[in-house]
Every structure is written in structure tokens, then in C-alpha cells.
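1. Let me see the structure of the following:
(one chain, ligands or ions: 1)
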Amino acid sequence: MSGIPDLAAIEAMDAADVLRPMRDRFVLPEGLIYLDGNSLGVASAAAYGELDKAARDEWGHGLIRSWNTAGWFDMPVELGDQIGRLIGAAPGQTVVTDTTSINVYKALHAAMGLRPGRNVIVAEGGSFPTDLYMAEGVASTRPGAVLRLEGVDAPAIEELIDDSVAVVLVNHVNYKSGELRDMKALTKRAHDVGALVVWDLCHTAGALPVDLDGANADFAVGCTYKYINGGPGAPAFIYVATRHLAEARQPLSGWWGHARPFAFEQGYAGDPGIRRFQCGTQGILSMRALKGALDTWKDVDMQALRKKSIALTDLFIHLVEAKCAGFGLKLESPRDGNKRGSQVSFEHENAYAIMQALIERGVIGDFRAPATIRFGFTPLYIGFKDVWNAVAVLEDILRSRAWQDPRFAVRSAVT
Ligand SMILES: *Cc1c(COP(=O)(O)O)cnc(C)c1O
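-> Below is the predicted model of the structure:
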């Protein structure tokens, strides 16, 4: 892109946007530019509709009967298959359940069990912290298990993968920088030495097309409250490749993973399929909001989504660098759109205060310690003019030094 596009050019981009009609299905508060769908996606009319129906009719009137009559019991696997379309997983390999943290634990533990002679878990030092905390938890249950970290034990993850490695735990897109890993190449690198891979898709599910089956992936986990727009604390998902389903064992052997949960037998006998990766009773109201969100996804062309995501993030980088030059912002995300998720991060020594000033002016992104301002671009409801307007506010905050107001230095618990 050369030169700064004018407003007419930006409006033409919105007019030509094939995903533009999707925006009307979402609940976008007046006066906000919401660039934080990578932390919590926005509500939709479909999610409200499902929540209302589940609460009033199914819970209110159907009561206990609704486990059967409203399909509550099978919902985790049905929604799992719908997510499968977004992540390149054929049916029967994905179940919606628990949280990403818990699913990391289950997947890592199962992978270690499939590689009994090996005791190394490889992960990224720059991973989303909960993944590492859970890896520590898994290692603590396996005598002799060790963690090798990219950025600590070697600069690149590939250098850490040898035939002592049981499993590699890796974020498909880094939560902070937005860097996108090559799933196929890294999976192959691990398989070449007999290791397995757990992919964390929190920042790719619903953000870009993923092809787990095509990459010959082993396990994957991810959340649904970010780009998928399932709602705050919506249940996560776990994927286990068909070829591992017979052998893989997960440690949280609760009754929902049992082959016959309502036989009330003594002794655990795991379901032969993906249901085994469930543990206990699921939060049905949360799951119903997610069902609404996933209904919206049925009409989305993932290639068009990716194309728009790259165009939005390219435009943002271009405008920020053109209009906010000289104010100390440094691009932290890959410049090449093909190597980037659907977010853009900049470093700045006053990142926290700048983000608070932006939020007060109605541009919501987030801050990640120690010095990152992060902006998520969700192609379903963000347009090119939103990008233009957000950069204008950022430019004004930097030029006027509005962020220097002391109230913007006060830290909240959740950033
Ligand atoms: C958001 C995120 C999580 C969140 O885990 P929860 O169990 O839902 O709190 C985990 N991993 C990554 C990479 C994330 O981005």
C-alpha cells in the first residue's frame, strides 16, 4: 500500500466487503469501536435468542426432560462438529467442554500416555501463561518429566524437538505478538522424531481457516469466547485425531466421559469416541449462547474471512505508521499478513496509559504486560472505517499527550 488512503477510498472498501452484512447480526454498542474481539467476542441476536429459549422454555418449562427433549445431552458433540468446520476437523473428533486450561491438561496428559518411554514436554516460553502452568501440573504427576522451553532452552522451538520428546505444546497464534506458526511444518517436524503435538487454537479458531486434519494434527484445544463470540466464559473445545481415539486416555475420568453414564456402574469404562474427553455436567446456558454464535458461522466463507482479516490489519499497520510516526510506537506483530493472526500489537513504553486513554475515547483494545497495546480485528463485525476512526483517535491521543493524565496510570485487576 502506498500513500495514505482517503476517506472515500476507505468507504469504497466497506462497500465492496462481502462480509459487511454479517455486522447487522451483532450487538455493537453505539459509539464504540471494539477492537478486543480477540479477548471477548461481541454478543449476537442469535446468541440472545438461544439463551432466551433455553432459559424460558427448556429450563423453565421442560425442566429435567430437556436433557433429552431439547438435546442438551448431545450438545457438546454436536457443537464440537460445528466447530470442526472452522478448524478443519472431520466430525467425531471435537467436543465442546470445560475450559481451555482444563483441556490443555487433558490433551497433554493423554499425549504423554501415548509416548510412555519419553519424558520431555516442549513448549514456548512466550506461550499464553495458563498453557505453561498446566504443563507444569501435568509434569508434576509424571516422575522424571521435564519441560523444555523455547526462548529459554533454545531460541527456536524446532531445536528442542528430538526423540526424547513426548509432546510439543504450541500456540497457533501467539497471544501477544500475533505471530502465526506453520501448523503443517511443525507437526511434521515433531512426527519425524515420533513426538506428538497439542495445538492451542485460542487465537485462530474463528479468526482464520485452520486445517487440523490436513496438517495431520494429533490434539488441539481452544476457546470459544474470543473470535467465535460464544460469550464470557463460554465452554472450550478439544480435538483428538481419529487415529488416537482408541488409545488416548484423559486423566479426568468423570461420568460424562463414561461409555454408559446412566448405567451407574462401578468402575470407569471410557466412551470409545470423543465423548471420553468430557468430564462432568456441562454449563448448558453457556453452551446455548455458543450454539447461537455457531449458527451465525454457518454462513461464513472462511477464505473471505481471512482475506478481510489481512486487509483490515494491513490497513491498521499502514495508517498507524503513517499518521503516528515519531511517537515511539514499534510494530510487534509480523509485517507479512500471511504470518499474522487477526490482531496487531505495538510496543510503547507508556502502553498501559495509552490504552486507557483510548478506551475512554471509545476505542477498546487491550494492554498486555509489560509494554504492548493489542488490537483485535474480527472480520465479522469490524469494518475499514472503524480502522480509520480508531487510528484517528490514537493519533489525537499521542499528539495531544492526553494519555499523560495521571488517572490513566491507575491499574485495574483485569487488563
Ligand atoms: C485465552 C487463552 C486461554 C484461556 O484459557 P481459559 O482456560 O479459557 O482461561 C488459554 N490459552 C491461550 C493461548 C489463550 O489465548
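
2. Residue 302 - how many residues pack around it?
-> Neighbourhood size, residue 302 [other Cβ atoms under 10 Å]: 18. (C-beta placed from N, C-alpha, C; glycine too.)

3. Which stretches in the protein count as helices?
-> 7-15, 45-53, 66-69, 75-87, 100-114, 129-140, 183-192, 242-245, 284-297, 302-323, 351-360, 384-400 (DSSP state H).

4. residues in contact with the longest one?
-> Spelled out, that is helix 302-323. Residues outside helix 302-323 that contact it (Cβ atoms under 8 Å, 6 or more residues apart in numbering): 1, 4-5, 10, 13, 17-19, 86, 207-209, 329, 331, 333, 335, 337-338, 340, 342-344, 346, 375, 377, 379-380, 382, 384, 387-388, 390-392, 394-395.

5. Could I get the contacting residues of residue 408?
-> 352, 353, 354, 356, 357, 360.

6. repeat that for 7 Å
-> By Cβ atoms under 7 Å, 6 or more residues apart in numbering, the residues touching residue 408 are 353, 356, 357.

7. Nearest residue to the second one in space, please, no chain neighbours.
-> Meaning residue 356. Nearest residue to residue 356 in three dimensions, chain neighbours excluded: residue 408, at 4.0 Å (Cβ to Cβ, 6 or more residues apart in numbering).

8. And the pLDDT for the closest residue to residue 371 other than its chain neighbours?
-> What sits nearest to residue 371 in space, not counting adjacent residues and going by Cβ to Cβ, 6+ apart, is residue 351, at 4.7 Å. As predicted, residue 351 sits at a pLDDT of 97.

9. what sits against residue 351?
-> Going by Cβ under 7 Å, 6+ apart, residue 351 touches 367, 371, 372, 373.

10. burial count for the third one?
-> This means residue 372. Neighbour count for residue 372, taken as other Cβ under 10 Å: 21.

11. Identify the spatial nearest neighbour of it, chain neighbours not counted.
-> Closest residue to residue 372 apart from its sequence neighbours, by Cβ to Cβ, 6+ apart: residue 345 at 5.0 Å.

12. List the residues that contact residue 31.
-> Contacts of residue 31 were listed using Cβ under 7 Å, 6+ apart, and they are residue 362.

13. Report pLDDT for the residue of the stretch 151-300 of the chain found nearest the ligand.
-> Nearest to the ligand, among the residues of the stretch 151-300 of the chain, is residue 202, at 3.3 Å (Cβ to the nearest ligand atom). Residue-level confidence at residue 202 comes out at 98, pLDDT.

14. How about residue 2?
-> Note on residue 2: pLDDT of 62.

15. now residue 412
-> Note for residue 412: predicted pLDDT of 84.

16. so what's residue 172 up against?
-> Under the criterion of Cβ under 7 Å, 6+ apart, the neighbours of residue 172 are 180, 181, 183, 199, 200, 201, 203, 204.

17. out of those, which one sits closest to residue 95?
-> Closest approach between the contacts of residue 172 and residue 95, by Cβ to Cβ: residue 201, at 14.2 Å.

18. I'd like to know how far that closest one sits from residue 395.
-> Computed as Cβ to Cβ, to the nearest Å, the residue 201 to residue 395 distance reads 34 Å.

19. Settle it for me: which of these two has more neighbours?
-> Set residue 201 next to residue 395 and count neighbours by other Cβ under 10 Å: residue 201 wins out with 29 against 17.

20. returning to what we had before: the ligand is nearest to which of the helices of the chain?
-> Of all the helices of the chain, helix 100-114 comes closest under Cβ to the nearest ligand atom, at 3.3 Å.

21. Go ahead and name everything in contact with that closest one.
-> Here helix 100-114 makes contact (Cβ under 7 Å, 6+ apart) with 121, 130-131, 134-135, 137-138, 142, 166-167, 169, 196, 198, 200, 202, 218-219, 221-223, 236, 238, 244, 247-252, 277.

22. 8 Å instead?
-> Residues contacting helix 100-114 (Cβ under 8 Å, 6+ apart): 97-98, 118, 121, 130-131, 133-135, 137-138, 141-142, 145, 166-167, 169, 196, 198, 200, 202, 218-223, 236-238, 240, 244, 247-252, 277, 279.

23. Just the buried ones among those residues, please.
-> 97-98, 118, 121, 130-131, 134-135, 138, 145, 166-167, 169, 196, 198, 200, 202, 218-223, 236-238, 240, 248, 250, 252, 277, 279 (16 or more other Cβ atoms under 10 Å).

24. who are the neighbours in contact with residue 346?
-> Contacts of residue 346 (Cβ under 8 Å, 6+ apart): 320, 329, 330, 331, 332, 372, 373.

25. These: which two are farthest apart?
-> Farthest pair in the contacts of residue 346, by Cβ to Cβ: 320 and 372, 13.9 Å.

26. tell me which parts of this protein are close to the ligand?
-> 99-101, 128, 130-131, 171, 175, 200, 202-203, 223, 236 (Cβ under 6 Å from any ligand atom).

27. From residue 7, how far off is residue 185?
-> Taking Cβ to Cβ, one finds residue 185 at 41 Å from residue 7.

28. What distance do you get for the residue nearest to residue 371 to residue 387?
-> Taking Cβ to Cβ as the criterion, residue 351 is separated from residue 387 by 19 Å.

29. Drop anything exposed from the contacts of helix 302-323.
-> When those are checked for burial by 16+ other Cβ under 10 Å, the buried set is 5, 10, 13, 17, 19, 86, 207-208, 329, 333, 337, 340, 342-344, 346, 375, 377, 379-380, 382, 384, 387-388, 390-391, 394-395.
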